[in-house]
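Novice: Any chance you can model this:
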Amino acid sequence: MAASVHLAPEQLPEFDELYSISDLHMGGRTGFQIFNSGDALAAFIEHVRALPAASVVLVINGDLVDFLAEPDAVAFDPAGAVRKLDRIVGDAAFAPGWTALIRFVRTKGRHLAITLGNHDLELALPWVRDHLTALLTGADERARARLTLAFDGTGFLCRIGNARVLCVHGNEVDTWNIADHETIRRYGRDIQQGRPVENWMPNAGTQLVIDVMNSIKQKFPFVDLLKPELEGVIPTLLAIAPEQRSRIFAALPAAFHLGLDKVRRSVGLLGADEQEEGGPEQLAPLRTLPTTPRISRQQLLDAVELQLAEDVEPISLVPLDQRGQYLGIGGAIASFVFGGDVRESLRKGLDGLQKDRSFDFKQMDDTFQQFDKQVGADVDFLLTGHTHLERALKRNESSGWYFNSGTWVRLIRLEADVLASADKFSQVYDVLAAGSMAALDAYPGLILKRRTVVAIRTTPAGTKGELMHWDEAAGLVAMPNANFTKPAG
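Specialist: The predicted structure follows:
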């Protein structure tokens with residue numbers, strides 16, 4: 001019979017203040033990097049370093065780097081991870097942040113904790129972990145004592161004032177992107193001991209990033225940025241890039257195999273937003289791609305290409321009982337199948353995004369609901385990332401609170417005024433179709449830079465958690481109505 005084990009407060013590391021950020025996704029070649037806030041990150045880290053509080057911990061809550069975004073990306077790269085990490089650290093776009101991290105952890109009273117995400121799994125391998133430690137701390141033994149690398153899946157647990165704070169990345173409840181920590185441990189053991197290792201079996205999300213989506217992202221970088229993914233990215237991509245339709249339609253059946261709530265994960269997009277209710281209660285590593293085992297992914301792609309070349313209608317590739325689901329994704333798919341003005345059909349098909357609540361920090365998405373069910377009441381403040389969508393919510397299953405630290409990468413949200421105007425939408429359509437990050441950045445108001453921070457601090461009234469944004473001019477800016485306090489005493 002399972003029983004709870006309660007850790008005494010004195011068993012936990014204690015700090016005066018905690019600041020958590022996540023999903024920096026440093027990686028990729030120039031022109032295709034979704035993180036472009038190197039100087040802002042450096043300024044934020046320096047701000048935290050210089051705070052008057054005696055003891056401060058900075059948490060990078062997963063996906064510090066993105067090995068899957070590197071030009072020679074593979075699903076899991078034990079031999080090449082150190083080289084890739086060195087390239088990322090030395091990249092001019094990312095170097096300011098690394099310089100600031102090095103200075104931070106080498107400062108008395110400043111602690112750095114890093115959790116593992118789902119795009120940086122190799123960091124958990126012993127030689128990569130040691131190399132990261134050396135990069136950050138050098139020969140400074142005191143700095144090493146102030147560095148915590150929580151790469152085993154347990155998360156980072158500490159105490160701020162009278163509150164317990166748990167930081168986990170968030171992919172732990174994402175069935176398409178679960179990290180198999182035990183297999184990573186065995187890989188590290190076997191390689192270090194000179195044993196043969198079996199071929200790495202990635203989770204479904206990683207598999208589709210490598211096999212399908214990376215090539216599309218190189219041509220259309222907006223797919224990493226636009227939210228929500230199911231209702232926004234797929235129909236837009238089908239309309240703008242019809243030549244990619246075979247890869248898109250080949251990827252979609254695997255997603256619908258697990259239901260529409262898994263589409264976001266299956267197409268390999270970074271993070272995920274809302275999911276239909278009814279996700280799994282029990283967690284288990286996802287080791288194989290959930291498709292028909294008698295045909296390989298490449299065979300599926302080849303078959304789709306051949307049928308499209310023979311003028312087979314794309315919708316005929318979808319089982320009859322699922323065609324309504326596909327056509328319901330958006331007007332772009334219907335236009336693609338039945339003909340018509342693609343731009344106008346897409347705009348009308350995306351009209352429902354005007355009611356979308358993905359960017360509402362009070363929306364109870366699936367990540368929140370799953371963690372709320374599974375994390376015990378001992379945790380006062382539960383912090384995640386992964387979805388790239390910030391949240392500040394009171395928990396339903398306990399008296400604690402939940403925060404999601406969103407991301408520091410670019411985001412795109414199609415605003416209501418754009419969707420309501422054919423002229424404005426046409427301009428945005430052209431920018432998305434241009435296929436360059438520079439075009440996206442240049443269009444006024446298209447790119448969002450949230451730079452979300454979760455702050456947990458001791459106050460005279462108790463321990464206060466709040467959602468904040470880093471502004472290059474104003475510094476840390478608190479979001480209205482996005483804070484909770486555990487009363488003192």
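Novice: And the strands in the stretch 1-150 of the chain?
Specialist: 14-15, 17-21, 56-61, 110-115, 147-150 (DSSP state E, counting those that start in this stretch).
Novice: and residue 39, which of these is closest to it?
Specialist: Residue 39 lies closest to strand 17-21 among these, at 15.0 Å (C-beta to C-beta). No exception for glycine: its C-beta is placed from N, CA and C like everyone else's.
Novice: would CSV of the strands of the stretch 1-150 of the chain with mean pLDDT and mean neighbour count be doable?
Specialist: Shown next, in CSV, are the strands of the stretch 1-150 of the chain (pLDDT from 0 to 100; neighbours: other C-beta atoms under 10 Å):
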stretch, mean pLDDT, mean neighbour count
strand 14-15, 98, 19
strand 17-21, 98, 25
strand 56-61, 98, 26
strand 110-115, 98, 24
strand 147-150, 98, 18
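Novice: Can you tell me the closest non-neighbouring residue to residue 428?
Specialist: Distances taken as C-beta to C-beta, 6 or more residues apart in numbering place residue 418 nearest to residue 428, at 5.6 Å, with adjacent residues excluded.
Novice: Mind checking the pLDDT average for the strand or helix carrying that neighbour?
Specialist: Taking DSSP states H and E as the criterion, residue 418 maps to helix 416-420. For helix 416-420, the mean per-residue pLDDT is 92.
Novice: Mind exporting the C-alpha coordinates of the next helix or strand after that helix to PDB?
Specialist: Counting by DSSP H and E, the next helix or strand C-terminal to helix 416-420 is helix 422-433. Provided in PDB are the C-alpha atoms of helix 422-433 (Å, rounded to 0.1, in the frame of the first residue of the first chain):
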ATOM      1  CA  ALA A 422      -9.300  41.100 -45.000                       C
ATOM      2  CA  ASP A 423      -6.700  43.700 -45.800                       C
ATOM      3  CA  LYS A 424      -4.800  43.300 -42.500                       C
ATOM      4  CA  PHE A 425      -5.000  39.500 -42.700                       C
ATOM      5  CA  SER A 426      -3.600  39.600 -46.200                       C
ATOM      6  CA  GLN A 427      -0.600  41.500 -45.100                       C
ATOM      7  CA  VAL A 428       0.100  39.100 -42.200                       C
ATOM      8  CA  TYR A 429      -0.400  36.200 -44.600                       C
ATOM      9  CA  ASP A 430       2.300  37.600 -46.800                       C
ATOM     10  CA  VAL A 431       4.700  37.900 -43.900                       C
ATOM     11  CA  LEU A 432       4.100  34.300 -42.700                       C
ATOM     12  CA  ALA A 433       4.600  33.100 -46.300                       C
END
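Novice: So which bits of helix 422-433 are buried?
Specialist: Using 16 or more other C-beta atoms under 10 Å as the test for burial, helix 422-433 gives 425, 428, 429, 431, 432.
Novice: How far off centre is that helix?
Specialist: Chain-centre distance of helix 422-433: 27 Å, with C-alpha atoms, centre = their mean, to the nearest Å.
Novice: Give me the contact list for that helix.
Specialist: Residues outside helix 422-433 that contact it (C-beta atoms under 8 Å, 6 or more residues apart in numbering): 220, 222, 226, 236, 239-241, 343-344, 346-347, 414, 417-419, 439-440, 442-443, 446.
Novice: Narrow those residues to those that are buried.
Specialist: Those of the contacts of helix 422-433 that meet the buried threshold are 220, 222, 226, 236, 239-241, 343, 346-347, 414, 418-419, 439-440, 446, by 16+ other C-beta under 10 Å.
Novice: quick check: longest strand of this protein.
Specialist: When the chain is parsed with DSSP state E, its longest strand is strand 475-487.
Novice: and it with strand 17-21, angle?
Specialist: Orientation note: strand 475-487 sits at an angle of 120 degrees relative to strand 17-21 (axes from the mean of the first three to the mean of the last three C-alpha atoms, to 10 degrees).
Novice: Neighbouring strands - and their directions - for strand 475-487?
Specialist: strand 462-471 (antiparallel) (DSSP bridges).
Novice: So which residues make contact with the partner strand?
Specialist: For strand 462-471, contacts defined as C-beta under 8 Å, 6+ apart pick out 40, 43-44, 160-163, 165, 361, 380-381, 390-392, 401, 403, 450-458, 476-479, 482-489.
Novice: what's the lowest-pLDDT member of the buried ones among the contacts of helix 422-433?
Specialist: For the buried ones among the contacts of helix 422-433, the weakest pLDDT value sits at residue 241, with 77.
Novice: which residues sit in contact with it?
Specialist: Contact analysis of residue 241 by C-beta under 8 Å, 6+ apart lists 216, 219, 220, 433.
Novice: out of the residues you listed, who's nearest residue 369?
Specialist: The closest of these to residue 369 turns out to be residue 216 (C-beta to C-beta; 30.3 Å).
Novice: Need the phi and psi values for the closest residue to that closest one other than its chain neighbours.
Specialist: Beyond its immediate neighbours in the sequence, the residue positioned closest to residue 216 (C-beta to C-beta, 6+ apart) is residue 244, lying 5.5 Å away. The phi/psi pair for residue 244 (degrees, to the nearest 10) reads phi -90, psi 10.
Novice: ok, residue 244 - contacts?
Specialist: Taking C-beta under 8 Å, 6+ apart, we find residue 244 in contact with 216, 219, 220, 237, 238.
Novice: What strand or helix carries the last one?
Specialist: With elements delineated by DSSP H and E, residue 238 resides in helix 234-240, which encompasses its position.
Novice: quick one: that helix to chain centroid distance?
Specialist: The answer for helix 234-240 is 22 Å, by C-alpha atoms, centre = their mean.
Novice: try stretch 217-230
Specialist: For stretch 217-230, the distance to the chain centre is 13 Å (C-alpha atoms, centre = their mean).
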